[in-house]
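Q: predicted model and sequence follow; I will ask about them next.
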Amino acid sequence: MMTRRHLRTALPAILAAAATLMSVIPVAAVEPQAAAPAERTTETIEPTALVSGQLTVIRVTGGLSSPLGVTHADDGSGRLFVVERGGRVRVVKGGAVTGTFLNISSRITAGGERGLLGLAFHPNFASNRRLFVYYTRTDGDIIVSRLTANSAKTAVSLTTEVPLLRIEHSARSNHNGGGLAFGPDGFLYIAVGDGGGSNDPDNNGQDRNVLLGKILRIDVNNPGPSSHPNYAIPDDNPFVGKTGADQIWAWGMRNPWRIAFDRANGNLFIADVGQDRYEEINRQLSTFAGGANYGWDVMEGKHCRVSGCTPPANDVLPVAEYTHSLGCSITGGYVYRGSHRDLQGLYVFGDFCSGRIWTMGNGGSTITVRKDTSLNISSFGESESGELFVTDLNGVLYRVIAPEFRDIATSTFLDSIHWILYEGLTVGCGSGRFCPTAAVTREQMAIFLVRAFDHPSTSTDYFTDDEGRSGESSINALRAAGITSGCGSPTLYCPTRRVTRAEMAIFLDKELNPPATSTDFFDDDDGKTGESSINRLAAAGITGGCGTRRYCPTSSVTRGQMAAFLKRALEYAP
């Protein structure tokens with residue numbers, strides 16, 4: 001058996017192969033030959049220029065009620081958790097809402113800018129089952145609480161709630177903030193609005209003795225004194241032992257709507273909603289020691305709110321801003337660290353009013369409009385693997401993508417197609433396309449397999465029906481490796497014939513040589529050629545079939561399915 005390369009164990013599993021295909025599937029042009037790729041890992045994938053129109057959003061699921069956030073638990077479950085303003089946390093998996101994880105509606109007041117506003121899972125949730133919520137209580141006050149999931153980590157009882165913080169906010173209903181995020185230091189960061197009203201009438205943003213209009217930083221892993229017994233204050237918070245509330249990390253905020261840490265370097269991004277003219281983005285480097293004053297209510301963006309003002313001492317200007325000609329309420333996002341090459345390292349954010357989505361370099365200050373949408377962008381969120389999602393307040397969850405081919409945005413196999421592209425296994429089918437629904441021919445399959453498994457070339461010409469074809473050398477290499485013996489006659493390969501799913505199983509079985517199994521996984525392959533290969537691939541996790549106990553052995557393999565088969569096969573580690 002040939003030595004396999006590019007074995008991976010950390011990438012998420014791809015969805016099972018599609019159900020029975022239509023009877024007529026187009027065949028793409030022969031896959032162009034690509035240069036042999038250098039060995040690489042996901043860490044070495046560098047972005048190329050994100051071209052105009054490349055960033056887009058694709059619908060994941062609907063049926064949500066005023067979603068305000070989306071996050072993950074980092075527990076290996078592959079679940080997304082969507083925060084609904086009314087008090088529920090909904091579970092999304094496999095492109096569908098699968099249940100309710102938490103319902104805290106009886107303890108909140110919801111509507112407008114009030115409700116269940118934030119959710120963060122403890123970095124050790126997989127073992128301690130702890131999570132944290134940010135909501136407005138029935139009297140309007142802000143509450144930050146800790147809860148604990150059940151042993152199966154499938155639901156949360158309100159009886160486990162332990163309040164950490166209560167911040168008086170009953171006078172006005174707006175500017176509640178609501179961001180929660182754990183930093184790389186293990187502390188919980190909390191983004192709090194200024195208390196509401198136009199132009200901060202109580203001057204909370206600049207008052208270091210109140211918690212409104214601040215970014216707070218607390219230690220939820222250790223107890224504190226009687227004034228806050230359920231959390232401690234980090235010793236290096238900037239106002240410990242000085243004038244100002246010990247919980248404060250930064251101040252001068254108006255209504256920070258979403259904070260996020262760059263998972264690659266620990267930098268903190270804070271999006272702060274403006275008053276009448278400017279929306280702003282602030283960035284704190286991971287080496288920042290705390291104590292920044294972001295200027296509100298003296299400053300709005302980089303400008304004096306009132307002409308002729310004196311900026312506060314130690315005022316830190318935002319790294320980027322935009323005017324209300326482009327939007328009116330910024331929704332902070334994330335620095336993208338998922339699998340899409342051309343989004344790598346870009347901070348992606350949007351605007352609730354205009355529906356625009358921008359990007360900014362994670363270390364830069366230039367913002368670029370990438371997508372005009374009709375969405376009321378209420379939040380962004382990451383999956384466990386770093387993929388980016390966006391919620392529309394009207395009840396829909398979308399995924400943010402940057403397809404490398406112009407015809408794969410809606411393909412079930414989008415991520416697998418990108419994976420084989422980045423591995424150097426494909427260059428598409430021409431004209432910027434991949435042709436994901438086109439059937440794979442035996443010639444194309446030979447090209448894919450030789451690239452994937454590094455079969456050496458041979459000078460022997462085995463077949464007579466592939467003479468002069470672009471895939472002839474790959475066909476001969478596959479025959480020399482013992483992966484194929486042709487299509488009947490020893491001198492025929494049938495290069496233009498479509499590959500069936502049974503044939504695909506036979507080829508991959510020969511490439512991988514997975515252990516034999518006595519389990520019969522499917523009913524529609526009984527007694528058919530390839531049944532044992534199909535069962536071995538199923539036992540190895542290479543295929544899940546095309547439906548309940550169905551493999552669809554006679555259906556043609558599409559190029560999208562081929563991508564998924566190859567990705568799983570190359571990740572296979574017996």
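A: Received, thanks.

Q: just for the stretch 1-150 of the chain, where's the confidence low?
A: Scanning the stretch 1-150 of the chain for pLDDT under 70 picks out 1-48.

Q: would you map the helices across it?
A: Counting by DSSP state H, counting those that start in this stretch, one finds helices in the stretch 1-150 of the chain at the ranges 125-128.

Q: just the strands in it please.
A: In the stretch 1-150 of the chain, the strands defined using DSSP state E, counting those that start in this stretch lie at 56-61, 67-71, 80-84, 88-93, 96-103, 116-121, 130-136, 142-148.

Q: which one of the ones you listed lies closest to C546?
A: Counting by Cβ to Cβ, C546 lies closest to strand 96-103 out of these; the figure is 18.6 Å. C-beta: built from backbone N, CA, C; applies to glycine.

Q: list the buried residues of that closest one.
A: V97, F101, L102, N103 (16 or more other Cβ atoms under 10 Å).

Q: which one of those sits closest to S457?
A: Nearest to S457 among those, with distances taken as Cβ to Cβ, is V97, at 51.0 Å.

Q: pretty sure that closest one contacts V60?
A: No - if you go by Cβ atoms under 8 Å, V97 and V60 don't touch, sitting 9.7 Å apart.

Q: just send the strands of the stretch 1-150 of the chain back as CSV, with distance to R497 too.
A: Listed next are the strands of the stretch 1-150 of the chain as CSV, based on distance: least, Cβ to Cβ, whole Å:
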stretch, distance to R497
strand 56-61, 34
strand 67-71, 45
strand 80-84, 41
strand 88-93, 38
strand 96-103, 37
strand 116-121, 51
strand 130-136, 54
strand 142-148, 58
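
Q: nearest to M360, of these?
A: Among the strands of the stretch 1-150 of the chain, strand 56-61 sits nearest to M360 (Cβ to Cβ), with 17.8 Å.

Q: so which of the buried residues of strand 96-103 is the closest to V192?
A: Lowest distance from V192 to the buried residues of strand 96-103 (Cβ to Cβ) belongs to L102, with 21.5 Å.

Q: which residues touch the closest one?
A: R88, V89, L131, V133, L147, A155, V156 (Cβ atoms under 8 Å, 6 or more residues apart in numbering).

Q: what's the neighbour count on the fourth one?
A: By other Cβ atoms under 10 Å, 26 other residues sit near V133.

Q: and what of the third one?
A: The burial count assigned to L131 is 25, neighbours taken as other Cβ under 10 Å.

Q: pretty sure it sits against V144.
A: No - counting by Cβ under 8 Å, L131 sits too far from V144 to count as a contact (11.6 Å).

Q: was I right about Y189 contacting G177?
A: No - using Cβ under 8 Å, Y189 is not in contact with G177; the gap is 11.3 Å.

Q: can you tell me the closest non-neighbouring residue to D523?
A: Excluding the flanking residues, the one nearest D523 by Cβ to Cβ, 6 or more residues apart in numbering is R549, at 4.8 Å.

Q: report the contact partners of the one residue sitting closest to the centre of the chain.
A: Residue closest to the mean C-alpha point of the chain, counted by Cα atoms, centre = their mean, is E387 at 1.6 Å. By Cβ under 8 Å, 6+ apart, the residues touching E387 are G338, S339, R399.

Q: what number of residues lie near the second one?
A: One way to gauge burial is a neighbour count; for S339, by other Cβ under 10 Å, it gives 20.
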